[in-house]
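K.L.:
Have a look at this fold, sequence not included:
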Ligand code: ATP
Ligand code: MG
Ligand code: MG
């Protein structure tokens, strides 16, 4: 049988491995961590860092085609692998997604507006920043995730200290926008240019980390919802993208939509599709990588996804980490528990997620609120 390889062994890789194995593939994971969520369920686990020549050769030795689940895999490593095996997404697309300045330039080229911003590549750039960008958020151009590598900048006086706190890294300063809602769209594009997408997903972030995703027909207003899908398709097309791509958007009170960022892989906000749609984002990743046909996924159930962060393991009054009471939510109808097999719970760490499916948006929402309360997750 054919073997599909993946760079990165986190939860996204694990769910990719599950989807690939269900469809009869063998899998190979490259991740330095012995106990990585994907490595421990894969047929092959290459334990090396992402640039080690020997590790890359071993991965491509096992694999008939290779993808990535970790957006900070050096694009050069993907380019290296592509000398030997088909790689999707391409290193060139991943390189753009890895750099906020290049990413925003790409959005602009595709005609999709982003928040007003400026690129900061050195001390001299600080003085030239326009007043209209305050209050803003300073974000490192590279390597940020879950709100890490960001600093709020209320006024111009805060800019230099914020930049120092980010160790003078290359940054973008974005104007802070008053968000009416956040949403995302997962698109998949095949090597033949065929493109399909999941429905618009409404996202709630807390402390820069995704907390809740809701997906049903009216989860975002219709016009910005349609625009998000059109924008996501234009962005994928403009990259000549092959694979699964997720685009995050901000909806503003005046009905306008701006793009935030993209991830060159399946996304936390698309996890609901495992149970809520007839083709999940991970199956889409398998299909694009294996050059299988793409068909438009159909959502068959309204869905809510609750992230299970490590905080839930630390209950007030208890000493040390305690496993949450899963039975208390599994007794509710339409709950689907995913735990990623991470050895140690830490506050802010994504340990798993709970997807709820139900017959109608109000009913699934009601059950999700109940489940959240039982687990100690704040209401939404
Ligand atoms: P991810 O884990 O999604 O990759 P990240 O670290 O790349 O996150 P962003 O997506 O840039 O971070 O920002 C995290 C969250 O912070 C956003 O989802 C949004 O809630 C808030 N945020 C970011 N930029 C802005 C902005 N310009 N105006 C208002 N809120 C913002
Ligand atoms: Mg990001
Ligand atoms: Mg984000």
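P.N.:
Structure's in. What do you need? All figures in this text were calculated on a predicted structure; none of them were measured in a lab. Ligands and ions are numbered 1, 2, ... in the order given.

K.L.:
part of a helix, is residue 291?
P.N.:
No. Using DSSP: H, G, I helix; E, B strand; the rest coil, the assignment for residue 291 is coil, not a helix.

K.L.:
Once you drop chain neighbours, what's closest to residue 85?
P.N.:
Spatially, and ignoring its direct neighbours in sequence, residue 85 is nearest to residue 60 (4.9 Å; Cβ to Cβ, 6 or more residues apart in numbering). C-betas here are computed from N, CA, C, even on glycine.

K.L.:
hang on, that neighbour packs against residue 5?
P.N.:
Yes. Here residue 60 reaches residue 5: they are 7.1 Å apart, a contact under Cβ atoms under 8 Å.

K.L.:
So which residues on the stretch 251-380 of the chain come close to ligand 1?
P.N.:
With the criterion set to Cβ under 6 Å from any ligand atom, the stretch 251-380 of the chain comes near ligand 1 through 260, 261.

K.L.:
picking that back up, shared neighbours of residue 60 and residue 5, anything?
P.N.:
66, 85 (Cβ atoms under 8 Å, 6 or more residues apart in numbering).

K.L.:
The two: who's more crowded?
P.N.:
residue 5 (28 against 22; other Cβ atoms under 10 Å).

K.L.:
In a strand, the more buried one, correct?
P.N.:
Yes. With three-state DSSP as the criterion, residue 5 is located in a strand.

K.L.:
I'd like to know the beta-bridge partner residues of it.
P.N.:
Counting by DSSP bridges, residue 5 is bridged to residue 28, residue 66.

K.L.:
Which strands or helices does the strand or helix carrying residue 108 pack on?
P.N.:
Under the criterion of DSSP states H and E, residue 108 resides in helix 100-109. For helix 100-109, the packing partners by 3 or more Cβ pairs under 8 Å, 6 or more residues apart in numbering; DSSP states H and E come out as helix 91-97, strand 171-175, helix 222-238, strand 257-263.

K.L.:
need the next SSE after the longest one, C-terminal direction.
P.N.:
Where DSSP H and E defines the elements, the next helix or strand beyond helix 222-238 is strand 243-252.

K.L.:
can you give me the mean pLDDT across that next one?
P.N.:
Taken as a whole, strand 243-252 has an average pLDDT of 98.

K.L.:
which other helices and strands contact that strand?
P.N.:
Short answer (3+ Cβ pairs under 8 Å, 6+ apart): strand 243-252 packs on strand 179-189, helix 222-238, strand 257-263, helix 281-289.

K.L.:
which stretch among these comes nearest residue 159?
P.N.:
Minimum separation from residue 159 across these (Cβ to Cβ) falls at strand 257-263, 20.9 Å.

K.L.:
what residues does the helix or strand just after that closest one touch?
P.N.:
Following strand 257-263 in sequence order, the next helix or strand is helix 273-276 (DSSP H and E). By Cβ under 8 Å, 6+ apart, the residues outside helix 273-276 that reach it are 15, 186, 198, 215, 279-282, 297, 299-303, 336, 338, 355, 357.

K.L.:
what's the answer for stretch 366-375, then?
P.N.:
Contact partners of stretch 366-375, identified using Cβ under 8 Å, 6+ apart, comprise 212, 214, 304, 306, 308, 312, 324-325, 328-329, 332-335, 354, 356, 358, 377-380.

K.L.:
And for stretch 203-221?
P.N.:
In contact with stretch 203-221 (Cβ under 8 Å, 6+ apart) are residues 146-148, 150, 181-184, 198-202, 228, 248, 251, 255, 268-269, 271-272, 276, 299, 302-307, 309, 348, 350, 361, 364-365, 368, 372, 377-378, 380.

K.L.:
Inside helices: which ones of those residues?
P.N.:
Judged by DSSP state H, helices contain the following of those: 228, 276, 361, 364, 365, 368, 372.

K.L.:
Now for the residues you listed: which two are most distant?
P.N.:
Farthest pair in the ones in helices among the contacts of stretch 203-221 (Cβ to Cβ) is 228 and 372. Separation: 25.5 Å.

K.L.:
More neighbours: those two, which one.
P.N.:
Between residue 228 and residue 372, counting by other Cβ under 10 Å, residue 228 is the more crowded of the two (25 against 20).

K.L.:
Hmm, the more buried one is touching residue 201, no?
P.N.:
No. Between residue 228 and residue 201 there is no contact under Cβ under 8 Å: 9.3 Å.

K.L.:
Overlap of the contact sets of these two?
P.N.:
Shared contacts of residue 228 and residue 201, defined by Cβ under 8 Å, 6+ apart, comprise 183, 184, 185.

K.L.:
Nearest residue to the last one in space, please, no chain neighbours.
P.N.:
Excluding the flanking residues, the one nearest residue 185 by Cβ to Cβ, 6+ apart is residue 232, at 3.9 Å.

K.L.:
Helices of the stretch 1-150 of the chain, start to end?
P.N.:
11-22, 53-62, 75-82, 91-97, 100-109, 123-127 (DSSP state H, counting those that start in this stretch).

K.L.:
So for residue 30, which of the ones you listed sits nearest?
P.N.:
Per Cβ to Cβ, nearest to residue 30 of the helices of the stretch 1-150 of the chain: helix 53-62, 4.6 Å.

K.L.:
Give me the helices and strands touching the closest one, please.
P.N.:
Against helix 53-62 (3+ Cβ pairs under 8 Å, 6+ apart) you get strand 3-7, strand 26-30, strand 44-46, helix 75-82.

K.L.:
Need the pLDDT of the closest residue to residue 147 other than its chain neighbours.
P.N.:
In space, and not counting its chain neighbours, residue 147 is closest to residue 208: 1.7 Å by Cβ to Cβ, 6+ apart. The score at residue 208 is 89. That number is its pLDDT.

K.L.:
Now do residue 208: how many residues are near it, please.
P.N.:
Counted with other Cβ under 10 Å, the neighbours of residue 208 add up to 14.
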